[in-house]
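>>> using only what follows, build the 3D model:
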Amino acid sequence: MSKQYKALKPIGRWEKGQIIGDLPELQIKQLLKDHFIEEVQIVVTKQAKQIKQNIGETKDVE
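Below is the predicted model of the structure:
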């Protein structure tokens, strides 16, 4: 999964709080440096891991 970034300030077509996408790596680095965006930390809970495991087991049965 690729990294996701959240706008801390309005940037182009994105408003504050929206997930940023479709930007070149160089522009992402500059926006991070200028504190216009931040990386979204994806937290996987124990329940989500269990659901993913159950889905994998279901696919194996088919």
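>>> sec struct for Gln27, please.
Assigned with DSSP: H, G, I helix; E, B strand; the rest coil, Gln27 falls in the helix class.
>>> how many other residues sit next to it?
14 (other C-beta atoms under 10 Å). C-betas here are computed from N, CA, C, even on glycine.
>>> could you check the pLDDT of it?
Gln27 carries a pLDDT value of 95.
>>> next one: it from Ile11, what distance?
Gln27 sits 9 Å away from Ile11, going by C-beta to C-beta, to the nearest Å.
>>> same question, Glu25
For Glu25, the distance to Ile11 - C-beta to C-beta - is 16 Å.
>>> pick out whichever of the two has more residues nearby.
More crowded of Glu25 and Ile11, by other C-beta under 10 Å: Ile11, with 18 against 7.
>>> which one is that one nearest to, not counting chain neighbours?
Of all residues not flanking Ile11 in the chain, Phe36 sits nearest, at 5.7 Å (C-beta to C-beta, 6 or more residues apart in numbering).
>>> pretty sure that neighbour contacts Tyr5?
No. Contact criterion C-beta atoms under 8 Å: Phe36 and Tyr5 do not qualify, at 9.3 Å.
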